[in-house]
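**Q** Here is the input, now give the coordinates:
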Amino acid sequence: MIYHFMYILFIIIVLCSCVETPTEQKIVNIDKVTDGDLLVLCEGLMGYDNSSLTAILYNSGRIIEDYYASSNPNDKLGDTSNDIILKNDTAYIPSSMGAYIQVFNVKSAKATGVIPLPAGSMPRKMKIINDTMAVVSDLLNSRLIFINTSNHNIINTVGTGPQPEGIEVYQNYIFAANSAYGDFNWEHPDAETISVIDISLMKEIAKIKAGTNVIELLVNHKLKRLYAAYINLPSRKDSSGGIIEYSLENFNKLREWRLNPHSLSLSDDGDKLYLINQSSNNNDKWRGISVINLQNGNIHNIIENKSKDIWYSLLINSYDNTALIGNAGNHNQKGEILLYNLDNPEKAIRKFPTGINPNTIIKVKK
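**A** All right, here's what the predicted structure looks like:
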């Protein structure tokens, strides 16, 4: 029933959209990314097959607006790409509507393969487990799919709670945020939970109580903590979200902060947790970038979003103390990356154009 309902929902969204189909542009590959440069995954619009990857050559400031297409002119990333992860020089991008994972060399942008997933899958978020194994959450079928990254074969699938989205890996455990897809399945008995999967056993061993519509997880290796971000349900105008902190030693809840979090990002020393604080249902509340001091638990608002634009992604660059914010505008236009100096965050010091809906920003590491 869930399977059919969600596909009907997606068809309605596509048919009712009033956005014009983007026109094709000729791509010229003039540069390649190197260590320290940035990649911005832009999910595009569902049903339009217009996901793209913007490369920001950070030191020079040069932009390659569709980095993947620049080396693969007859290929596309796939319809609605929700995540990008790196393993050395290899990048993996799941395509939610295409039910596959695109694989390419990040330094050349050349495609190196496609990992087909089981029919009817809807991959959402992905993580590397070790040298030969990765895992991706399957939103539609409420499971995790384990992949051999050496030969691209499917190793196993493990059931979770309803509609898993964000996932994290810590030692022998995988944590999956069971979002229940917000209002869609919030009455499911296992909504508002985090599944704990034992990797060696390939089975779920526990469910941790979380908040409504839990969508994002982040591990703090220094403090041995897990952070779970949950957001309000659209149908509940008076609801709000928050972040829950858990111990990774016994999975007990330690602290909770009430706000409207999205796109968690840790400082390199693990002492500060940055987030987009977006008040979606109450426009008189403060909106922008906030930071939680994890030593004392205090919250500070540091960069205010004074526009009506939707801030969609965040990356903290600790080495030069900057924040990079993915601005999606109204979701129906090309986006941009806003660069702020955290020592003087009153105004963006630079803006970089991107594709539509920049949902993930990653740094190419040495």
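
**Q** Following element in sequence after the helix-or-strand element of the chain with minimal mean pLDDT, please.
**A** Every helix and strand of the chain was ranked by mean pLDDT, DSSP states H and E. The lowest is helix 2-16, at a mean of 41. Heading C-terminal from helix 2-16, the first helix or strand you meet, by DSSP states H and E, is strand 38-42.

**Q** quick check: mean pLDDT across that next one?
**A** Strand 38-42 shows a mean pLDDT of 97.

**Q** Okay, buried residues for that strand please.
**A** Leu38, Leu39, Val40, Leu41, Cys42 (16 or more other C-beta atoms under 10 Å). For every residue, glycine as well, the C-beta is placed using N, CA and C.

**Q** out of those residues, which one sits closest to His300?
**A** Leu38 (25.2 Å; C-beta to C-beta).

**Q** For Tyr48, see how far away that closest one is.
**A** 24 Å (C-beta to C-beta, to the nearest Å).

**Q** who touches Ser81 in this structure?
**A** Leu41, Glu43, Gly44, Ser51, Ile93, Pro94, Ser95, Ser96, Gln102 (C-beta atoms under 8 Å, 6 or more residues apart in numbering).

**Q** 10 Å - rerun?
**A** 41-44, 50-53, 68, 93-98, 101-102, 123, 357, 359-360 (C-beta atoms under 10 Å, 6 or more residues apart in numbering).

**Q** now Asn293, nearest residue through space, not along the chain?
**A** Closest residue to Asn293 apart from its sequence neighbours, by C-beta to C-beta, 6 or more residues apart in numbering: Lys272 at 6.2 Å.

**Q** Can you read off the pLDDT for Pro234?
**A** Pro234 is given a pLDDT of 73.

**Q** neighbours of it, just the number please.
**A** Residues lying near Pro234 (other C-beta atoms under 10 Å) number 12.

**Q** and it, how far is that from Asp183?
**A** 6 Å.

**Q** could you point out which element follows the helix or strand hosting Ile215?
**A** In this structure, Ile215 is located in strand 214-220 according to DSSP H and E. Next helix or strand after strand 214-220 toward the C-terminus (DSSP H and E): strand 225-230.

**Q** Could you tell me which strands that following strand is paired with, and in which direction each runs?
**A** strand 214-220 (antiparallel), strand 242-247 (antiparallel) (DSSP bridges).

**Q** Can you check which of the ones you listed gets nearest to Ala328?
**A** strand 214-220 (16.2 Å).

**Q** what's the neighbour count on the residue nearest to Asn293?
**A** Neighbours around Lys272, by other C-beta under 10 Å: 18.

**Q** With distance to Asn277 and mean neighbour count added, can I get the strands paired with strand 225-230 in a markdown table?
**A** Formatted as a markdown table, the strands paired with strand 225-230 follow (distance: least, C-beta to C-beta, whole Å; neighbours: other C-beta atoms under 10 Å):
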| stretch | distance to Asn277 | mean neighbour count |
| --- | --- | --- |
| strand 214-220 | 13 | 23 |
| strand 242-247 | 10 | 20 |
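
**Q** want to try JSON lines for those strands, with distance to Asn151 as columns?
**A** Below are the strands paired with strand 225-230 laid out as JSON lines (distance: least, C-beta to C-beta, whole Å):
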{"stretch": "strand 214-220", "distance to Asn151": "28"}
{"stretch": "strand 242-247", "distance to Asn151": "35"}
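
**Q** re earlier: need the overlap of contacts for Pro234 and Asp183.
**A** Asn213.

**Q** Using the three-state scheme, assign Phe70.
**A** Quick fix: residue 70 reads Ser, not Phe. helix (DSSP: H, G, I helix; E, B strand; the rest coil).

**Q** any idea how far Val337 is from Leu38?
**A** Just so we're on the same page, residue 337 is Ile rather than Val. 8 Å.

**Q** related to what we said a few turns ago, Provide a list of residues in contact with the residue nearest to Asn293.
**A** Ser265, Leu266, Val291, Ile292, Asn293, Leu294, Gln295, His300, Ile316, Ser318, Leu342.

**Q** Now Asp198: closest residue in space, sequence neighbours ignored.
**A** In this structure, Asp198 finds its nearest non-sequential neighbour in Ile205, 4.8 Å apart by C-beta to C-beta, 6+ apart.

**Q** So the one you found sits against Phe175, correct?
**A** No: at 11.3 Å, Ile205 and Phe175 do not qualify as touching, with contact defined as C-beta atoms under 10 Å.

**Q** Which of those two has more residues huddled nearby?
**A** Looking at Ile205 and Phe175 with other C-beta under 10 Å, you find the greater number of neighbours at Phe175, namely 27 against 10.
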